[in-house]
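Colleague: could you work out the structure for the sequence below:
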Amino acid sequence: MSTLIVKLNATGDVVRTTPLLRCLEGPVTWITARGNCPLLERVHENLRCLPWDDRVQALDSGYDLAINLEDEPETAAFVRKVQHRRLFGAFLDEQGRMQYTPEARGWFDLSLISVYGRQKADELKLANRRSYQDLIFEGLGLNFRGQEYLLPNGAASDIAGDVAIAPVAGPAWPMKNWAHYEQLGQELRAAGLAVNVLPRRQTLLEHVGDVRAHRCLVSGDSLPMHIALGVGTPCVTLFNCTSPWEIHDYGRQTKLVSPMLAEFFYRRHQDLRAMTAIPVELVYTSVLERIRGGVAHE
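Modeller: Numbering: from 1, shown residues only. Next up is the predicted model:
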């Protein structure tokens, strides 16, 4: 069976979609943002990765299955040009409106193009207790049994240590940036741990190598978290405004959920209350437990 996957952004969402490659039989063409290609190239023998700018190359053949996990009209318009026998995900209807296939409701009912509207979609998202992979796999008729991410090994890192701190999330989610990372680093160093704040790198492969070179990662719900889950680095993750339940923890993640999560759920503005609601002491002890092989909090 030949498959087309259209998943461009965000990079963390691309990474958490890679378990599909372990289940799809036959050749797969994946269209993504150009910057994400290094994370997909050569991770699977049957995978062809194309940057969005070169998407016309995907029209060289038809597909048994087209999977569109984007909610933008431009991507849906392109998928409509592709010859395919079955479609899963978002599409444009005859009136040019964004819709999604019935099998994809589990995920897209919680999305920006939800048939229920944005407010109800966020309410459903807050109530949801299933992981992203579980929802997507079920819609495709597959069984999610904890299939791992597929990631490249990454570049050799010139930093290594006990704890890596990734304090900055993307600009779209300012409340993911917890306010106490600096204090946490000081306290962990005082406990004798080697702590590094992850630097900004030129390539994603360098970033993968940096995460791999540590015994534990501390971050928000962001790309470094997904890399840690993919390369096997235990992680402590702070959830200030996004869903902790959508993330499958693979037995290597401690989830620290803000007591104010419901108030700030999927809000994109900045509020110091959200960024300080998780106490330093809880994060500190959670990191020590992860370093010592302790059990994750839920």
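
Colleague: what number of residues lie near Arg145?
Modeller: 11 (other Cβ atoms under 10 Å). Using the backbone N, CA and C atoms, a C-beta is placed for each residue, glycine as well.

Colleague: for the remainder of this discussion, apply numbering that starts at 22.
Modeller: Fine by me, first position is 22 from now on; the one you just mentioned is Arg166.

Colleague: for it, give me the pLDDT.
Modeller: Predicted confidence (pLDDT) for Arg166: 97.

Colleague: again with Val316
Modeller: Reported pLDDT for Val316: 44.

Colleague: and stretch 278-294, what's buried?
Modeller: Under the neighbour-count criterion of 16 or more other Cβ atoms under 10 Å, stretch 278-294 has 278-279, 281-282, 285-288, 292 buried.

Colleague: no, scratch that, I was asking about stretch 83-91
Modeller: Buried residues in stretch 83-91 (16+ other Cβ under 10 Å): 84, 86-91.

Colleague: kindly reformat those residues as CSV containing secondary structure and distance to Pro123.
Modeller: CSV is the format used below for the buried residues of stretch 83-91 (DSSP: H, G, I helix; E, B strand; the rest coil; distance: Cβ to Cβ, whole Å):
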residue, secondary structure, distance to Pro123
Tyr84, strand, 20
Leu86, strand, 15
Ala87, strand, 15
Ile88, strand, 15
Asn89, strand, 14
Leu90, coil, 16
Glu91, coil, 18
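
Colleague: of those, closest to Phe260?
Modeller: Among the buried residues of stretch 83-91, Leu90 lies closest to Phe260 (Cβ to Cβ), at 21.9 Å.

Colleague: spit out the contact partners of Leu49.
Modeller: Leu isn't right for residue 49; it's Val. 23-26, 42, 65, 67-69 (Cβ atoms under 8 Å, 6 or more residues apart in numbering).

Colleague: can you check Leu293 too?
Modeller: Applying Cβ under 8 Å, 6+ apart, the residues near Leu293 are Ala200.

Colleague: and the pLDDT for it?
Modeller: For Leu293, the predicted pLDDT is 94.

Colleague: among the buried residues of stretch 278-294, which are located in helices?
Modeller: Within the buried residues of stretch 278-294, residues falling in helices by DSSP state H are 282, 285.

Colleague: which ones among the contacts of Val49 map onto strands?
Modeller: 24-26, 68-69 (DSSP state E).

Colleague: tell me the two of those residues that are most distant?
Modeller: Leu25 and Leu68 (11.5 Å).

Colleague: need the residues touching each of these two.
Modeller: Each of 49-51 lies in contact with both Leu25 and Leu68 under the rule Cβ under 8 Å, 6+ apart.

Colleague: with respect to Arg221, which of those residues is nearest?
Modeller: Trp51 (26.0 Å).

Colleague: just checking, that closest one is part of a strand?
Modeller: Yes: the assignment for Trp51 is a strand, going by DSSP: H, G, I helix; E, B strand; the rest coil.

Colleague: contacting residues for it?
Modeller: 25-28, 61, 68-71.

Colleague: dump those to a markdown table, plus neighbour count, distance to Arg107 and pLDDT.
Modeller: Output for these, formatted as a markdown table (neighbours: other Cβ atoms under 10 Å; distance: Cβ to Cβ, whole Å; pLDDT from 0 to 100):
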| residue | neighbour count | distance to Arg107 | pLDDT |
| --- | --- | --- | --- |
| Leu25 | 26 | 11 | 98 |
| Ile26 | 26 | 13 | 98 |
| Val27 | 25 | 14 | 98 |
| Lys28 | 24 | 17 | 98 |
| Leu61 | 25 | 22 | 96 |
| Leu68 | 19 | 19 | 97 |
| Arg69 | 16 | 19 | 97 |
| Cys70 | 21 | 22 | 97 |
| Leu71 | 19 | 20 | 98 |
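
Colleague: okay, now the unreliable bits of the stretch 172-319 of the chain?
Modeller: For the stretch 172-319 of the chain, residues meeting the criterion pLDDT under 70 lie at 315-319.

Colleague: ranges for the helices of it?
Modeller: Secondary structure of the stretch 172-319 of the chain (DSSP state H, counting those that start in this stretch): helices located at 202-211, 225-233, 244-252, 282-285, 293-297, 301-312.
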